[in-house]
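J.: got a structure for you, letters missing:
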């Protein structure tokens, strides 16, 4: 297995174990993370997001597969099963990830998933009917960013 594929595997094994510090250790200090909710997290904020998500997870189950990488880039597929704490609704998020590496660490991490599908599971009928609308998706992003900011402030 390529060392960068091993790094991706290590990242997801740590996530499955709820070990955010091990996840963050896989990241380069200049990491840039994005997904449909957290669209632009850099450096410490990216690590803070994983720390927050891991700390809040009560019944999180992570399964990763299809890991591949070379010297520059990598990819993986992962599934997250959990209860969305704000609504108590069950979520099965299906995610594809792409990575870029520098100095033996992940420097770019892009997760892609269907935000409308996620909203339908997490928010119920409102998400199913309106989760595709830009204002609803923007609201999801704003609430997530505010939650991350509050989480960071509590630990500062």
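T.: Cool, the structure landed. None of these values were measured; they are calculated from a predicted model.
J.: Now do the helices in the protein.
T.: Counting by DSSP state H, the chain has helices at residues 3-16, 20-25, 44-56, 115-123, 125-130, 134-155.
J.: how far out from the middle of the chain is the longest one?
T.: What that stands for is helix 134-155. 14 Å (CA atoms, centre = their mean, to the nearest Å).
J.: Relative to residue 51, how far out is residue 72?
T.: To residue 51, residue 72 is 27 Å away according to CB to CB, to the nearest Å. All C-beta spots, glycine's among them, are computed from the backbone N, C-alpha and C.
J.: I should have written residue 3 there, sorry.
T.: 25 Å.
J.: okay, those two: which has more neighbours?
T.: More crowded of residue 3 and residue 51, by other CB atoms under 10 Å: residue 51, with 19 against 10.
J.: With adjacent residues omitted, what lies nearest to that one?
T.: Of all residues not flanking residue 51 in the chain, residue 20 sits nearest, at 4.3 Å (CB to CB, 6 or more residues apart in numbering).
J.: correct me, but that neighbour touches residue 48?
T.: No - at 9.2 Å, residue 20 does not count as touching residue 48 under the criterion of CB atoms under 8 Å.
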